[in-house]
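> one predicted model, sequence on top.
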Amino acid sequence: MSKLAANSQFYTVEVGDSTFTVLKRYQNLKPIGSGAQGIVCAAYDTLTGQNVAIKKLSRPFQNVTHAKRAYREFVLMKLVNHKNIIGLLNVFTPQKSLEDFQDVYLVMELMDANLCQVIQMDLDHERMSYLLYQMLCGIKHLHSAGIIHRDLKPSNIVVKSDCTLKILDFGLARTAGTSFMMTPYVVTRYYRAPEVILGMGYTENVDIWSMGCICGEIVRGGVLFPGTDHIDQWNKIIEQLGTPSQDFMKRLQPTVRNYVENRPKYAGYSFEKLFPDVLFPAESTEHNKLKGPKTRGDQFAGSKDHGKFPLAAGVRTAGKASQARDLLSKMLVIDPYKRITVDQALQHPYVNVWYDPSEVEGVSPAPIPYDHSIDEREHTVEQWKDLIYKEVVDYVQKLLYGKLPLIGNSASGDTCSTS
């Protein structure tokens with residue numbers, strides 16, 4: 001097996017409570033976030049002259065779960081290539097051999113904020129619909145590769161000041177149609193689809209429910225279903241949306257069905273009451289028509305100034321609140337069989353003003369289907385470690401020999417050469 005870069009290419013720096021050992025090309029490291037899957041720093045890439053984000057995977061070989069998650073995130077990031085999916089610019093490890101291999105660093109595009117911060121802003125319909133459109137484009141690309149994200153939440157969706165959006169964090173993503181144990185411990189509780197909470201099994205449209213929760217949170221300014229546990233989460237959902245039909249109940253496992261049917265029955269509220277007009281932005285009076293998609297963008301700052309944010313072609317803004325509410329009502333459907341699909345959502349009047357075939361269908365080659373046969377097998381930590389190391393070496397060699405698509409201003413050079 002080839003050895004990775006010599007340690008002379010690396011330096012060590014303390015970042016908050018963590019130690020980062022990174023390639024010397026990356027300077028001025030500053031912590032910008034952390035989570036169960038890793039710690040993220042902003043840095044300046046002296047080779048390309050761009051700002052980047054460096055994610056150090058959190059204890060990837062602590063146990064089988066961490067190792068499997070690290071493998072999945074890295075491999076899925078290598079597969080996808082879409083403007084609304086975070087791009088992988090580089091990967092490296094400071095260790096020189098498989099025997100010493102302990103740390104994995106992923107270098108990605110640096111964005112300005114995540115949706116947690118954007119939710120607190122006073123967005124107009126143009127920005128809100130454009131953000132939602134981009135989420136749908138990114139999710140469609142994942143689904144086209146048979147990938148279900150499974151962990152969509154505001155902190156996993158990042159934006160730039162020009163309103164461009166990207167989806168990140170694939171450590172919990174899985175391929176559709178594989179025979180795995182479907183656990184409710186997948187999406188952060190607030191954004192979990194009912195079929196996940198109730199252990200029914202699920203398909204791609206669990207991501208649509210999560211998107212509905214995110215969109216509703218932007219409108220309402222707070223979490224829609226802030227459950228404290230599984231039971232409370234279910235109760236929060238049915239209190240607002242109503243107890244589902246018997247057709248839905250019949251598909252539940254007997255023990256789950258018995259519990260659900262013995263809960264108090266709720267009629268739920270209309271979406272006009274859940275999301276009244278007062279929660280939505282005022283209709284734009286300055287611009288009746290949306291301009292071409294090629295002129296999009298400006299800044300979130302001053303979002304009340306509709307004139308600064310070009311809109312999409314030829315559709316009047318009247319009734320935008322009703323359109324947004326209608327789309328929410330189709331996403332936040334308890335029964336997954338009746339929930340809107342990604343393709344249907346992209347055709348909805350609230351977002352299809354932005355529709356561009358090159359963005360929806362992609363101009364780059366279709367993603368290579370993820371080989372879930374490896375993922376399905378049981379592996380020890382050491383076996384996962386070997387698989388990840390091989391993937392890192394393979395990535396480095398392809399980057400050096402120009403066999404990888406470049407994202408942004410990514411370049412090869414002496415990034416992490418093999419010896």
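Cool, got the structure. Residues are numbered from 1 along each chain as shown.
> quick check: what element follows the one helix or strand in the chain whose mean pLDDT sits lowest along the chain?
Scoring the helices and strands of the chain by mean pLDDT, DSSP states H and E places strand 174-175 at the bottom, with a mean of 50. Using DSSP states H and E, the helix or strand that follows strand 174-175 in sequence is helix 194-197.
> what packs against that next one?
Applying 3 or more C-beta pairs under 8 Å, 6 or more residues apart in numbering; DSSP states H and E, we find helix 194-197 packed against helix 206-220, helix 230-241. C-beta here means a position set from N, CA and C on the backbone, and glycine is covered the same way.
> state the mean pLDDT of it.
Helix 194-197 shows a mean pLDDT of 92.
> what are the buried residues along it?
194, 195, 196, 197 (16 or more other C-beta atoms under 10 Å).
> now that helix, how far from the centre of its chain.
Centre-to-centre, helix 194-197 and its host chain are 19 Å apart (C-alpha atoms, centre = their mean, to the nearest Å).
> and what of stretch 384-391?
On C-alpha atoms, centre = their mean, the centre of stretch 384-391 falls 24 Å from that of its chain.
> repeat that for stretch 217-237.
Remark: stretch 217-237 is offset 19 Å from the chain centroid, using C-alpha atoms, centre = their mean.
> show residues contacting that stretch.
Outside stretch 217-237, the residues that touch it by C-beta atoms under 8 Å, 6 or more residues apart in numbering are 115, 118-120, 123, 128, 131, 154, 184, 189-190, 192, 194, 197-198, 213, 216, 240, 260, 263, 275, 279-280, 324, 328, 332, 334.
> at 6 Å what do you get?
119, 189, 190, 197, 213, 216, 275, 279 (C-beta atoms under 6 Å, 6 or more residues apart in numbering).
> for the last one, give me phi and psi.
Spelled out, that is residue 279. phi -80, psi -20 (degrees, to the nearest 10).
> pull the contacting residues for it.
Contacts of residue 279 (C-beta under 6 Å, 6+ apart): 219, 220.
> any idea how far it lies from residue 215?
Noted for residue 279: a distance of 12 Å to residue 215, by C-beta to C-beta, to the nearest Å.
> and if you look at the first one?
Look at residue 119 and residue 215: by C-beta to C-beta, they are 10 Å apart.
> where do the contact lists of these two overlap?
Counting by C-beta under 6 Å, 6+ apart, nothing touches both residue 119 and residue 215.
> who has more neighbours, those two?
Neighbours per residue, other C-beta atoms under 10 Å: of residue 119 and residue 215, the larger number sits with residue 215, 23 against 17.
> quick check: pLDDT value at that one.
95.
> cool, and residue 4?
49.
> likewise for the one 3 residues further on?
The score at residue 7 is 67. That number is its pLDDT.
> tell me the secondary structure at residue 19.
Following DSSP: H, G, I helix; E, B strand; the rest coil, we place residue 19 in the strand state.
> which residues touch it?
Residue 19 neighbours (C-beta under 6 Å, 6+ apart): none.
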